[in-house]
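Q: 3D, please:
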Amino acid sequence: MKNFIIILLDGVGVGELPDAANYGDVGSNTLGNLSKAVGGLNLPNLQKLGLGNIIDILGVPLTTTPEASYGKMTEKAPGKDSVSGHWEISGLEIDFDFPYYPNGFPDYIINKFLKLTGFSGVLGNKAASGTEIINELGDEHVRTGFPIIYTSADSVFQIAAHEKVIQLERLYEICKIAREKVFIGKDRIGRIIARPFLGNNGNYSRTTNRKDYAVSPPDDTIMDLLKKEGFETIAIGKINDLFNHRGITVPVKTKSNMEGIIKIIDSVESFSNSFIFANLVDFDVYYGHRNDVQGFANALTEFDKKLPDILKPLDESDTLIITADHGNDPTTPSTDHSREYVPLLYYRKAAKGINLGIRKTFADIGKSAAEFFSIRNNLKGNSFLHR
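A: Residues are numbered from 1 along each chain as shown. Predicted coordinates:
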């Protein structure tokens, strides 16, 4: 069927990068630390591909006959944001970082937001855990109608609102205003994120109606190039938001890892000679950011059990890449992303797996995709396609 498939396990890192100290992430190792914390992971299908050959993972031993080529990749872009990670995977190398607001947003930004959206006040305006801040300020939000504003170690402006207080369409509208009219120039933040929730009386939980408003990539990605050449580009999950819907011919929304896996299988069976890029976000949003060690481990087990169903429809002409965009170690005190290497598993049916080593940039994936489809390109990185 000649499809090039990328499955991105959001937040599944494999050990601190050399510059991790600059980000407060010394000691972070999402898969390694997680495996020790739960007394060993049980991932037999990923183990067969060679996951345990990348780093030491308790319960996932190395294999002398890996079914996939394996390695790990270095993020060249500064920071540890989902946007820059995905862009780099698509063949770009970003030499700038987005602005961050670890102490909350300055008055001039908040005042501009209030003026343009018509609210008379906001709540929060600090770095916080999304699940904690809605329970801390949810009652006051319901009483006042003020949106809850918060950020994190990432370049994000997050707006949390009860769906019955600020309806979804209104929440999306004010996020769009923030994206287009507030965070511009030197304040061009990576993402504006709508964070709707439900509940009452101090007991609130986020819904699956999250929506991201990212900036557009600064140059053509592999998806832009393929779309121009007439290839189908299928984006599953939050890929659509992270690329600001650019270069995508078939957007596919999902609300869970399991739904994403079903859509991946459907796409593999339905499309040929196409590029399929899927993000499975549950690892990051539900478990990494909440330091839920057992939940993270369970999600990996769930993915591993479904992996044979993903591999089954592939033929010798297909290429599958399994990787990540950053780490999110649930065993550390931080609830934010961690500056880590990401895994690289490169699978082709009946091909012998080899060690691809430490890649110098995530962009090697985009470059490999360009070679796979034989298109002219100026993408960064080095292809590993015919190694």
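
Q: beta-bridge partners for the residue nearest to residue 52 when sequence neighbours are not counted, please?
A: In this structure, residue 52 finds its nearest non-sequential neighbour in residue 60, 4.0 Å apart by CB to CB, 6 or more residues apart in numbering. Glycine gets a C-beta too; all of them are placed from N, C-alpha and C. Listed by DSSP bridges, the beta-bridge partners for residue 60 are residue 57.

Q: give me the neighbour count for residue 60.
A: As a burial measure, residue 60 scores 24 neighbours (other CB atoms under 10 Å).

Q: what distance do you get for it to residue 312?
A: According to CB to CB, to the nearest Å, residue 60 and residue 312 sit 22 Å apart.

Q: hang on, the earlier thing: mind listing what the residue nearest to residue 52 touches?
A: Contact analysis of residue 60 by CB atoms under 8 Å, 6 or more residues apart in numbering lists 35, 41, 43, 46, 47, 51, 52.

Q: I figured residue 77 hits residue 94, correct?
A: Yes. Residue 77 lies in contact with residue 94 (CB atoms under 8 Å); the separation is 4.2 Å.

Q: mind listing the shared neighbours of those two?
A: The overlap between the contact sets of residue 77 and residue 94 (CB under 8 Å, 6+ apart) consists of 84, 87, 88.

Q: re earlier: how close does the residue nearest to residue 52 get to residue 46?
A: According to CB to CB, residue 60 and residue 46 sit 7 Å apart.

Q: same thing with residue 331?
A: Relative to residue 46, residue 331 is positioned 19 Å away (CB to CB).

Q: looking at the two, which is more packed in?
A: Remark: of residue 331 and residue 46, residue 46 carries more neighbours, 23 against 19, as counted by other CB under 10 Å.

Q: may I have the helix or strand where that one lies as PDB, with CA atoms only?
A: Per DSSP states H and E, residue 46 falls inside helix 44-49. This file holds the C-alpha atoms of helix 44-49, laid out as PDB (Å, rounded to 0.1, in the frame of the first residue of the first chain):
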ATOM      1  CA  PRO A  44       6.000  -7.800  24.700                       C
ATOM      2  CA  ASN A  45       5.100  -6.500  21.200                       C
ATOM      3  CA  LEU A  46       7.200  -3.300  21.500                       C
ATOM      4  CA  GLN A  47       9.900  -5.500  23.000                       C
ATOM      5  CA  LYS A  48       9.900  -7.600  19.800                       C
ATOM      6  CA  LEU A  49      10.400  -4.500  17.700                       C
END
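
Q: who touches that helix?
A: With CB under 8 Å, 6+ apart as the test, helix 44-49 has contacts from 60-61, 63, 66-68, 70, 300, 304-305, 307-308, 322, 345, 347, 353.
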